[in-house]
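1. build me a model:
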Amino acid sequence: FQIDGLLRVARRIPLGLSKNREVLFFVGGLFPHEREAEIRKLTKSGLQSAANNLQWKFVKGYDSCLGAENVHIFNSEYIGSFPKRYSGLYIHRYTFQHSKTSNEDVGAGFINLPVLKEFSRAARLCSEIDRIDCDICAQLYFVGYAATYPIVTALHHAKRKFPDSVVALIVPDLPQYMELSRRGTGFLHKLKNHIVSKRMKGMDCYVPLTAAMAPYLGVDLSKCSVVEGIADDYVASDLGTTAQDLPERYILYTGTLQYRYGLGELISAFKELDDTGIGLVICGDGEAANEIAALQSENPMVRYLGVLPPQEIKGLRNGATLLVNPRKNEGDYTKFSFPSKMMEYLASGVPTVAYWLDGMPNDYKGLFIDATDGGLKAALNRALAMDSEKLYQLSSRAKTYVLNHKNSKNQCARTLELFRKESMYIER
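-> Numbering: from 1, shown residues only. Purely as a prediction, here's the structure:
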């Protein structure tokens, strides 16, 4: 079996490392570019687009800091289980290259059945780590994405095999706030969640989404490098073809369509806006999809476009009048939350309306129109009534700030500083 001429073969991975060389293994669940179209086609629900995008931004940042030839990916895709959420029963092992100058990366493969797949993914990732054949004097970093059973198990295995390495866990969500942790009450589910909770606290260091996560990881901030998100610049050639027959002016929401993320308030606010010439465009999937589709049939200014590829989403953002994130600052989980769409919104240079969340660092104040005082409808009305020059200055300031300070190279460089500090402690 071949993918773009690369044979699926099981062999040891020679690295030929020099003594002073740093090599990073990214252990995650992204969608290789060669496989993304197939993954999208086979996914029935719950496509992990945000997680995929953020993982690629980390890889891009580590490539910039260390050189792509020193970054290797051990991949186990974050996809739904067969048969309800994904059409593939078995994911075969495959190889790919994440950049033109990188060495061979590996997709571990696994059996894609509910519950069983978590143990299968973990076992196959550990098997790939066992194939590493390298100079023990080189400094190795193992960086895993997300506090899931396969990833924390693989990192734990890597630390046992390479005790002088640094193992770090990127924590975009705490397990108790992840949808996966709320499903199932059987023995295997309980065993898996117990192991995750125990092993995730045994890492050398962490890359949490917010500072408030540190106590839940059992460490203080000296063991953490907080990365709330990564800004990604894009040029016109990156933009996909946008949908036709859109309103000339529109408010855009992209993401999960869950009422707990404020979709109900967004729909209500739009119906009562002072500006009746503004449209509403929504992309994504979730429990609110049916109500949004019904609203589209009633109101010619509403467009529901479903799940779209990232390039088309970027094109829609670029053409929007306003971007909106209706999630309110309610519930404990907001302390641990920085919505990925916020970074994408701010980096686009389009004015953004959103609630301030407890998980947001203070340097984001003044970069968007805050809906905290008066609610979402008032904030949208205020934004639509603002002078166009003031709106432009606000959105330009936000774009410049996040692209200069929150880009992939800068964010990943800060994590590498932590990894290097931890490596010195290990050597002692």
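2. which parts of the stretch 151-300 of the chain are strands?
-> Assigned by DSSP state E, counting those that start in this stretch, the stretch 151-300 of the chain shows strands spanning 166-171, 205-208, 250-254, 279-283.
3. out of those strands, which is closest to residue 227?
-> Closest to residue 227 of these is strand 205-208 (CB to CB; 5.3 Å). Every C-beta, even on glycine, is put in place using the N, C-alpha and C of the backbone.
4. and residue 244, how far is that from residue 170?
-> 38 Å (CB to CB, to the nearest Å).
5. re the thing from before, so which of the strands of the stretch 151-300 of the chain gets nearest residue 407?
-> With CB to CB, the closest approach to residue 407 among these belongs to strand 205-208: 15.7 Å.
6. let's have the strands of the stretch 151-300 of the chain in JSON lines, adding distance to residue 347 and mean pLDDT.
-> Listed next are those as JSON lines, based on distance: least, CB to CB, whole Å; pLDDT from 0 to 100:
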{"stretch": "strand 166-171", "distance to residue 347": "20", "mean pLDDT": "98"}
{"stretch": "strand 205-208", "distance to residue 347": "20", "mean pLDDT": "98"}
{"stretch": "strand 250-254", "distance to residue 347": "13", "mean pLDDT": "98"}
{"stretch": "strand 279-283", "distance to residue 347": "17", "mean pLDDT": "98"}
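7. let me have those strands in TSV, adding mean neighbour count and distance to residue 385 as columns.
-> TSV is the format used below for the strands of the stretch 151-300 of the chain (neighbours: other CB atoms under 10 Å; distance: least, CB to CB, whole Å):
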stretch	mean neighbour count	distance to residue 385
strand 166-171	25	40
strand 205-208	24	38
strand 250-254	24	14
strand 279-283	23	17
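8. okay, those strands in a markdown table with distance to residue 141 next?
-> Converted to a markdown table, the strands of the stretch 151-300 of the chain look like this (distance: least, CB to CB, whole Å):
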| stretch | distance to residue 141 |
| --- | --- |
| strand 166-171 | 5 |
| strand 205-208 | 10 |
| strand 250-254 | 33 |
| strand 279-283 | 35 |
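9. which one of these lies closest to residue 345?
-> Of all the strands of the stretch 151-300 of the chain, strand 250-254 sits nearest to residue 345, with 8.7 Å by CB to CB.
10. any chance you could list what contacts the closest one?
-> 263, 266, 270, 278-284, 301, 303, 313, 316-317, 319-326, 341, 344, 350, 380 (CB atoms under 8 Å, 6 or more residues apart in numbering).
11. can you give me the helices for the stretch 151-300 of the chain?
-> Using DSSP state H, counting those that start in this stretch, the helices of the stretch 151-300 of the chain run over residues 187-199, 263-271, 289-298.
12. give the buried residues for the last one.
-> Same thing as helix 289-298. 289, 292, 295-296 (16 or more other CB atoms under 10 Å).
13. show me which of the residues you listed is closest to residue 36.
-> Nearest member of the buried residues of helix 289-298 to residue 36, counting by CB to CB, is residue 289, at 22.4 Å.
14. ok, the closest one touching residue 257?
-> Yes: using CB atoms under 8 Å, residue 289 is in contact with residue 257, at 5.2 Å.
15. among the helices and strands of the protein, which has the poorest mean pLDDT?
-> One helix or strand of the chain scores below all others by mean pLDDT, DSSP states H and E: strand 2-3, with a mean of 32.
16. reformat the buried residues of helix 289-298 as TSV; add pLDDT and distance to residue 412.
-> What follows is the buried residues of helix 289-298, written out as TSV (pLDDT from 0 to 100; distance: CB to CB, whole Å):
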residue	pLDDT	distance to residue 412
289	96	35
292	97	36
295	96	41
296	97	40
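17. what ranges does the stretch 301-428 of the chain have for its helices?
-> Taking DSSP H, counting those that start in this stretch as the criterion, the stretch 301-428 of the chain carries its helices at 310-319, 340-348, 375-385, 388-405, 408-427.
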